[in-house]
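A.B. asks: Predicted structure and sequence below. I'll ask about it afterward.
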Amino acid sequence: MDIWNILEYVAWAASAAFGLIIVADWLRTDSTYSEDVLMSSREGELEAMTEEHKI
Amino acid sequence: MTDFDITSKERDGMAPHGTKVGLLRVLGPAHVWALGVGIVLVGEYMGWNFAVGKGGAYAALIACWFAGLLYSCVAMIDSEVTSTVAAAGGQYTQAKHIVGPLMAFNVGLYLVFAYTMLEAANAITVGFLIDTVAVMSGHEGLDQRPFIVLAIMFLAWLNYRGVLATLTFSLVITAIAFSAILILFLATSPVFGGDVLQHRALMTDLPYGWLGILAAMHFGLWYYLGIEGTTQAAEEVRSPARALPFGTLAGIMTLLIAATLTWYVCVGLMPWEYLGQSGVPLFDAARMSGSTGLMVLLGIGTLFATLASANGCINDASRAWFAMGRDHYLPSWFGAVHPKYRTPYRSIIFLVPIALIFALGAPLDQVITFSILSGLLEYTFMPINVILFRRKWPLDAIKRGYEHPFHPLPALVLLCLCGIAYFAVFLGYGTQLVAMIAFYIVVSLWFHFWRYRFVRRAAQFTMPWPRPQGY
């Protein structure tokens, strides 16, 4: 087994680690916050806060 | 400036429509530049040179200029519209406000397809590059799959964790990749003492005549494909009216320079018959220069350009998917924002397995063709969009961060060039083009007859714009 074979296993392991971190945080977030909070984003905030679009 | 108090109860403390958690406004013009150029620059490192194979070196140069004109129009039009429609979703949101829901749904799908396919293609390329390094070091038979999966998973994690780190990463690696092209040009240019370029010996007439130029147009798009992605940052830049036009226009100027330098160096080092089939033309050019330092630099540049492109694609596809979910064009579940990282995390997660399926299971040329076709459909929408925008909201009706000059000339030029590009694509990939259009017709029917009933029609328009003229 040379360095490239080891790197293949390292890449598989790192991929799995990134996947697990993402999924764990996703599940934790969804169970901690309500859907109302998570989906409260609306477009156009900056314009409404700072501009009236009148020249 | 408005005179209302954003801390009042009417404004819910944070924002005008009840937003408790929204995308974070932390980006500047440099991040916008990195997003646009980062997605595209891989096209300089590979892909554009198939235009040389289609019609010779001069055909590739003419295709480079025509495509440059097409994308300059795209950048100018995008800069004007998106500096006004400063919301995630980019062209999807523009279409929603300016044209209508069915156009918006289609444009949203064009965006997600174009970027997810390009992300998959970039991941395939990362695997190929690492395999190339392994072969050069004497190892045959490398399994590319773990490196393809790692590229997608790492970048998805980065995008999940926050947009500032994601696009700062893109900024650094894109700047290195662009600098590598400049250094290669300077090191080989006779102006600075180099004598390796052999234009006089290598340049030939058009081997396939003017038809070769037309065929080269398809691959001429690779020089700039993706610069329109800057608009997806609209909801996360601190100053959309300034940063988006600045970053987008600086981006297209960077790419025009990079494309011309790339063509100049490559055709001066390789005969057109070889260059037209090269997998990694800039890396091959560096190898033929005889300098080990340049070879290493351009190898790193190729890898960085590929990663920057995949990174930007994840960012852009997830914003388009998120915006469609937020408006109920897709299940609203996708419209969630992470309360800590302030990213559209469900959209990022959802698109990961799709990118993996295409990266591991589809051939590279098919994946890229579907990406280009979706992009081309999107460019065709843009001139219609800007003409309607100017008609419904003339210059004196709504503030713009940038007003593009000579309207409607850029829109008409863009429409004509899109027509030529369709014909060029049809010559090489007619079946895919027809299949792609048939797919969009079917999903349009699904949206019109089924999905649109779930869209809350008034709630999707939350920008405080004046009523359009004639309505």
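C.D. replies: Received it, and whenever you're ready, just let me know what you need. Nothing here was measured: the structure is a model prediction, and the numbers come from that model.
A.B. asks: C-alpha only now, for contacts and for neighbours.
C.D. replies: Will do.
A.B. asks: contacting residues around the residue positioned nearest the centre of chain B?
C.D. replies: Centrality entry for chain B: nearest residue to the mean C-alpha point is B:Gly226, 1.7 Å, by Cα atoms, centre = their mean. By Cα atoms under 8 Å, 6 or more residues apart in numbering or on different chains, B:Gly226 lies in contact with B:Gly36, B:Val37, B:Ile39, B:Val40, B:Gly375.
A.B. asks: change it to 7 Å
C.D. replies: By Cα atoms under 7 Å, 6 or more residues apart in numbering or on different chains, B:Gly226 lies in contact with B:Gly36, B:Ile39, B:Val40.
A.B. asks: Just give the closest residue to the residue nearest the centre of chain A, not the sequence neighbours.
C.D. replies: Most central in chain A under Cα atoms, centre = their mean is A:Ile22, positioned 7.1 Å from the mean C-alpha point. Sequence neighbours aside, B:Trp157 is the residue nearest to A:Ile22 in space, at 6.5 Å (criterion: Cα to Cα, 6 or more residues apart in numbering or on different chains).
A.B. asks: how close does the one you found sit to B:Glu235?
C.D. replies: Distance, B:Trp157 to B:Glu235, by Cα to Cα, to the nearest Å: 20 Å.
A.B. asks: do the same with A:Phe18
C.D. replies: Taking Cα to Cα, one finds A:Phe18 at 27 Å from B:Glu235.
A.B. asks: Compare these two (neighbour count), which wins?
C.D. replies: Legend: neighbour count by other Cα atoms under 10 Å in any protein chain shown for A:Phe18 and B:Glu235, higher for B:Glu235 (26 against 18).
A.B. asks: How about that one, nearest residue that isn't a chain neighbour?
C.D. replies: B:Glu235's closest residue in space is B:Ala87 (Cα to Cα, 6+ apart), at 4.5 Å.
A.B. asks: The one you found: neighbour count?
C.D. replies: When neighbours are defined as other Cα under 10 Å, B:Ala87 has 30 of them.
A.B. asks: just B:Leu395 next, same as before
C.D. replies: 13.
A.B. asks: quick one, what contacts B:Glu119?
C.D. replies: Taking Cα under 7 Å, 6+ apart, we find B:Glu119 in contact with B:Ala310, B:Cys313, B:Ile314, B:Ala355.
A.B. asks: need the residues of the stretch 101-250 of chain B near chain A, please.
C.D. replies: B:Pro146, B:Phe147, B:Val149, B:Leu150, B:Met153, B:Phe154, B:Trp157 (Cα under 7 Å from any Cα of the partner chain).
A.B. asks: just the residues you listed now: which is nearest B:Val126?
C.D. replies: Closest to B:Val126 out of these is B:Phe147 (7.0 Å), distances taken as Cα to Cα.
A.B. asks: what pLDDT does that closest one get?
C.D. replies: Listed pLDDT for B:Phe147 reads 97.
A.B. asks: So it sits against A:Ala11, correct?
C.D. replies: Yes - counting by Cα atoms under 7 Å, B:Phe147 does reach A:Ala11; the two are 6.0 Å apart.
A.B. asks: For these two, work out which one has more neighbours and name it.
C.D. replies: Using other Cα under 10 Å as the criterion, B:Phe147 and A:Ala11 rank with B:Phe147 on top: 27 against 20.
A.B. asks: Just the C-alphas of the helix or strand containing the more buried one, formatted as CSV.
C.D. replies: Here B:Phe147 sits within helix B:145-161, counting by DSSP states H and E. What follows is helix B:145-161, C-alpha atoms only, in CSV (Å, rounded to 0.1, in the frame of the first residue of the first chain):
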residue,chain,number,x,y,z
ARG,B,145,-14.2,8.6,-6.5
PRO,B,146,-13.1,9.5,-3.0
PHE,B,147,-11.5,12.7,-4.2
ILE,B,148,-14.6,13.6,-6.2
VAL,B,149,-16.8,13.0,-3.1
LEU,B,150,-14.4,14.9,-0.9
ALA,B,151,-14.4,18.0,-3.1
ILE,B,152,-18.2,18.1,-3.0
MET,B,153,-18.5,17.4,0.7
PHE,B,154,-15.8,19.8,1.8
LEU,B,155,-17.2,22.7,-0.2
ALA,B,156,-20.8,21.9,0.9
TRP,B,157,-19.6,22.0,4.5
LEU,B,158,-17.9,25.3,3.8
ASN,B,159,-21.0,26.8,2.3
TYR,B,160,-23.1,25.4,5.1
ARG,B,161,-20.9,27.2,7.7
